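[1] From the sequence below, what's the structure:
(3 chains)
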Amino acid sequence: MERRYIEAKTKCFDKIYSFLNDRQREALKTVRGPLLVVAGAGSGKTTVLVNRIANIIRYGTGYESKNIPFDLSEGNIAELEMASRLPSEQLEKYMAKYAENPCPAWAVMCITFTNKAANEMKERLVKVIGEEAEEIWAGTFHNICMRILRRHPVEAGLENGFTIYDTDDQKKLVTSIIRDFNLDDKRYAPKAVINKISKAKESLMTPEEFEKEFSKELYEKNIAKIYKEYSKRLEAANAVDFDDIIVRTVRLLEKDEEIRGYYQRRFKYVCIDEYQDTNKAQFMLAVLLSGHYRNIMVVGDDDQSIYRFRGATIENILNFDKVFDDARVVKLEQNYRSTANIIETANHLIAHNRGRREKNLWTAKEDGDKVLVKQLNDQAEEARFIADSILDSTVKNGTKFSDHAILYRVNAQSNSLEGVFAKSGIPYRILGGTRFYERKEIKDIVAYLCLVSSTQDNLRLKRIINEPKRKIGDATVEAVERLAEMEGVSMFDIIQNADRYTALGRVAEKLRAFADIINTLRGIAETETLSELVEKTIDISGYRNMLVLQGEAAEDRLQNVEELISNAVAFEESHEEATLAQFLEEAALVADIDNYDETADAVVMMTIHSAKGLEFDNVYLPGLEEGLFPSFQSIGEQAELEEERRLCYVAITRARKKLCATYVKSRLMYGQTQYNQPSRFLKELPEDRCALEELQRRESVASGYSYNQKRSAVSAFTREVKRPVSAAPKSPASTEKLSVGDEVKHIKFGHGIILSVTDMSGDYLYEVMFDNFGTKKLMATFAKLTKI
DNA sequence: CACGCTCTGCCTGCG
DNA sequence: GCAGAGCGTG
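    Numbers count the residues shown, from 1 in each chain, chains lettered A, B, ... in the order given. This next block holds a predicted model:
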């Protein structure tokens, strides 16, 4: 009887979740204990995550439980057996009585990496379980940690109302420390130093520990010194950097038993998405938070770990079941996204990596088109080829522009693409580049607001005291800084009472004027709404006036500043009690307003990194060349090369139907022409799934892929740059711009007349009508045209 | 103190 | 090829 009961109950639950495959369902019903879900690309991991949480909230452990009700009767079983025939929706309600320990939404935590992912997660949860989903602690690591830190700032070693320093602020702080220590900022490049400090923090290393571990070499000793001072100054400014947000939370939970106990008991279930991207600090946080119930679920794909350079330790996912020795591991290997050709291409490539979990992604879909690998002469031709191909696809197959994505290794590649696309009339959108809150004008206004929020904020004060120009120079700022240090007060205090200090002399008046601006704004902050404050900040600071005076040149910046006001209005609408502090926190932590408008019908261009998690019918991968992809920095380093390969794997698996990789013979990099070999990754693709289109006659060998070795052996491995003259002789014409109507001579095509000239990022595209060869389009650099 | 010129260095990037 | 930093001059 017991067995029949369990069977009937399981059957009902199975039916509710019949839209999942067996593996997905297994992951969903494994509710208790540590669980690792290895989710291959396109295997429906978000669906599993969302429905698993819904299952926990609705039915608790009911699905997997083998408990038998003490009053079990034949009648119960018969009813259950009947219930399995109910339509899904009714069955869902009916099964509520078989819930065991259903979990309130507020006891579930779900951590993601990006705000975008967090929002998507929340939206989908609301759809599945309704408004209750709002109670779930779903957010990014930083968002969750901030919630904890804001509740216990003092216990975490901070003061109430602490501020967040972003990368820019960090850099300023480190630069000033390097200067104060009289260190050479070439040898101690701020960026590199910040990286070192960040790495240390990510692996939970204190300045003291860092010092102990690295004290042999002078260089490292100095880094340790900077790290120590940096921490000191952050603390003095009552500020945290991004890493601190997590590190301080970990420390807080480690040392404060009461607080730890509270959160451990509060959160019965902890889920972490994109686990392959976590670092040690984030791992510790997860361990601490889930320490009581041990119901920790992590989802990730080691093959898609592409942020090692940012401190992620792939070991977290590789070793999860060693750290939690009772962990269940479920692999999701069925891909619902791509054709078989694409999946097999991806599989074949990634198999070249060593450090990975064995996994075989498969699909029930048909083979589809072969993966096209196309060689072109240069980047302009590459861009034109892609543009033509997209045009062809939209015209012939009636696809939308937005079904096409171009994914590249580095942002700089967008230039040549943009040049061609802008002229082709194909609508396109470039994602990435500077984000909204990182734009100078926005950071400036935000700095004003920071100062309004807290006059202690010396760093932000320094940023804007002379922006717009108020004739307050470096010398004055330094004097103020020294005075503030001597008296142990903030720079703003000094400025407010500037006339008292003879050292400040004649500039005192200007300083007072600046203090007046801030004080006026502080008054406004108390009486008026947030958006009004933002608006008046822009006016009273003189910032708007400055931009208006700059006219056309500052048009974009003016627009951005206006947009900030809109953001403030939107913030007010979504937050009942919109405070300045909250708004500033959001500005610091919420990366971008809106990544991209998916409804706009435009070709999307972005780096592969930012394409993670997205998918498109047609994907183009330009620049598959040694030195570019894999990048020359990674060549020779096994671990880094494997990361590049994973990156390529991510790129391939973005495509649903068509995939096209291109590489060129010569590419303009850093203003010089480079001749790179085709990427080694191309040689790692399965021949039978790909179609190779090389240029010209091929000196091909039977093996299928072979490349023009003689020419490309030059630069790829040595980063040696061949002088353009020797390989691609620049004709005199390339230095002298030709105009329409000019008569020219070409080395091969003979006499002709220029029909049109198109400016293309530093080069010119000539349309030439030749007497004997018809009309040709030629790039100035390569055309070998001579004016007659 | 502000502006303009020269020099340098260059990947990917969430919060 | 371009942007940001640093330096020199008005």
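[2] Could you check the pLDDT of the residue of chain A at minimum distance from DNA strand C?
    Closest approach between chain A and DNA strand C, counting by CB to the nearest atom of the strand: A:Gly671, at 2.2 Å. In this view, the C-beta of every residue, glycine as well, is placed from N, C-alpha and C. A:Gly671 is assigned 81 on the pLDDT scale.
[3] ok, now A:Ser414?
    For A:Ser414, pLDDT reads 92.
[4] Does it touch A:Val420 like I think?
    No - here A:Ser414 lies out of contact with A:Val420, judged by CB atoms under 8 Å, at a distance of 11.0 Å.
[5] contacting residues around the closest residue to A:Arg439 other than its chain neighbours?
    Distances taken as CB to CB, 6 or more residues apart in numbering place A:Asn560 nearest to A:Arg439, at 5.6 Å, with adjacent residues excluded. By CB atoms under 8 Å, 6 or more residues apart in numbering, the residues touching A:Asn560 are A:436, A:439, A:441-442.
[6] repeat that for 10 Å
    Applying CB atoms under 10 Å, 6 or more residues apart in numbering to A:Asn560 gives the contacts A:436, A:439-442, A:445, A:547, A:554.
[7] Need the residues touching each of A:Ser414 and A:Val420.
    Common contacts of A:Ser414 and A:Val420 (CB under 10 Å, 6+ apart): A:383, A:428.
[8] which ones are touching A:Tyr620?
    A:372, A:374, A:382-383, A:385-387, A:389-390, A:404-408, A:417, A:603, A:605, A:651, A:655, A:658-662.
[9] One more: A:Asn316?
    By CB under 10 Å, 6+ apart, A:Asn316 lies in contact with A:272, A:275-280, A:282-283, A:286, A:298, A:300, A:302, A:305, A:323.
[10] does A:Gln276 really touch A:Ile306, like I thought?
    Yes - counting by CB atoms under 10 Å, A:Gln276 does reach A:Ile306; the two are 8.6 Å apart.
[11] residues shared between the contacts of these two?
    Residues touching both A:Gln276 and A:Ile306 (CB under 10 Å, 6+ apart) are A:312, A:314, A:646.
[12] quick one: pLDDT of the closest residue to A:Ala513 other than its chain neighbours?
    Among residues not flanking A:Ala513 along the chain, A:Arg470 sits closest, at 7.2 Å (CB to CB, 6+ apart). For A:Arg470, the pLDDT comes out at 89.
[13] Please look at A:Arg470 and A:Ala515 and confirm they touch.
    No - if you go by CB under 10 Å, A:Arg470 and A:Ala515 don't touch, sitting 11.4 Å apart.
[14] just to revisit the earlier point, tally up the residues packed near the residue of chain A closest to DNA strand C, please.
    A:Gly671 has 6 neighbouring residues, counting by other CB atoms under 10 Å.
[15] Dihedrals phi and psi, it?
    phi 80, psi 10 (degrees, to the nearest 10).
[16] residue ranges of the helices in the stretch 501-650 of chain A, please?
    Assigned helices in the stretch 501-650 of chain A, in chain order: A:508-527, A:530-540, A:543-550, A:555-574, A:580-589, A:608-611, A:638-652 (criterion: DSSP state H, counting those that start in this stretch).
[17] Quickly compare these and say which is most buried.
    When the helices of the stretch 501-650 of chain A are scored by mean count of other CB atoms under 10 Å, the highest mean neighbour count falls to helix A:638-652 (a mean of 22).
[18] Following the chain past that one, name the next helix or strand.
    Moving toward the C-terminus from helix A:638-652, the next helix or strand (DSSP states H and E) is strand A:655-669.
[19] Could you confirm whether that next one reaches DNA strand B?
    No - using CB under 7 Å from any atom of the strand, strand A:655-669 stays clear of DNA strand B, coming no nearer than 8.5 Å.
[20] Identify each buried residue in that strand, please.
    Residues of strand A:655-669 classed as buried by neighbour count (16 or more other CB atoms under 10 Å): A:655-669.
[21] Only alpha carbons, please: show it as PDB.
    Output in PDB follows, covering the C-alpha atoms of strand A:655-669 (Å, rounded to 0.1, in the frame of the first residue of the first chain):
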ATOM      1  CA  ALA A 655      23.600  30.500 -32.100                       C
ATOM      2  CA  ARG A 656      20.300  28.800 -32.700                       C
ATOM      3  CA  LYS A 657      20.300  28.200 -36.400                       C
ATOM      4  CA  LYS A 658      23.300  29.700 -38.200                       C
ATOM      5  CA  LEU A 659      26.800  30.300 -37.300                       C
ATOM      6  CA  CYS A 660      29.500  32.000 -39.300                       C
ATOM      7  CA  ALA A 661      33.100  32.500 -38.200                       C
ATOM      8  CA  THR A 662      35.300  34.800 -40.300                       C
ATOM      9  CA  TYR A 663      39.000  35.500 -40.200                       C
ATOM     10  CA  VAL A 664      41.100  37.900 -42.300                       C
ATOM     11  CA  LYS A 665      44.600  37.900 -43.800                       C
ATOM     12  CA  SER A 666      45.500  41.300 -42.600                       C
ATOM     13  CA  ARG A 667      44.000  43.400 -39.800                       C
ATOM     14  CA  LEU A 668      44.600  46.900 -38.700                       C
ATOM     15  CA  MET A 669      45.400  46.700 -35.000                       C
END
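[22] chain center to it: distance?
    Relative to its parent chain, strand A:655-669 has a centroid offset of 22 Å by CA atoms, centre = their mean, to the nearest Å.
[23] now check whichever helix or strand comes after that strand, is it near DNA strand B?
    Note on strand A:655-669: by DSSP H and E, the next helix or strand toward the C-terminus is strand A:672-674. No - using CB under 7 Å from any atom of the strand, strand A:672-674 stays clear of DNA strand B, coming no nearer than 8.1 Å.
[24] Against which helices or strands is strand A:672-674 packed?
    Secondary-structure packing of strand A:672-674 (3 or more CB pairs under 10 Å, 6 or more residues apart in numbering; DSSP states H and E): strand A:655-669, helix A:724-727.
[25] Of the ones you listed, which shows the lowest average pLDDT?
    Per-stretch mean pLDDT for the helices and strands packed on strand A:672-674 is lowest at helix A:724-727 (a mean of 23).
[26] if we can go back for a sec, which single one of the contacts of A:Asn560 is nearest to DNA strand B?
    Distance to DNA strand B, by CB to the nearest atom of the strand, is smallest for A:Phe436 among the contacts of A:Asn560, at 11.0 Å.
[27] centre of the chain versus the host helix or strand of A:His348, how much separation?
    For A:His348, the host element (DSSP H and E) is helix A:340-350. Centroid separation for helix A:340-350 versus its chain: 24 Å, with CA atoms, centre = their mean.
[28] Just want the angle from that helix to strand A:655-669.
    Using axes from the mean of the first three to the mean of the last three CA atoms, to 10 degrees, the inter-axis angle of helix A:340-350 relative to strand A:655-669 is 50 degrees.
[29] Alpha carbons only: can I get helix A:340-350 in PDB?
    C-alpha atoms of helix A:340-350 as PDB (Å, rounded to 0.1, in the frame of the first residue of the first chain):
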ATOM      1  CA  ALA A 340      23.100  19.600 -34.200                       C
ATOM      2  CA  ASN A 341      25.800  21.100 -36.300                       C
ATOM      3  CA  ILE A 342      26.200  23.900 -33.900                       C
ATOM      4  CA  ILE A 343      26.200  21.700 -30.900                       C
ATOM      5  CA  GLU A 344      28.700  19.300 -32.300                       C
ATOM      6  CA  THR A 345      30.900  22.100 -33.300                       C
ATOM      7  CA  ALA A 346      30.900  23.400 -29.800                       C
ATOM      8  CA  ASN A 347      31.400  20.000 -28.300                       C
ATOM      9  CA  HIS A 348      34.300  19.300 -30.500                       C
ATOM     10  CA  LEU A 349      36.000  22.500 -29.700                       C
ATOM     11  CA  ILE A 350      35.600  22.400 -25.900                       C
END
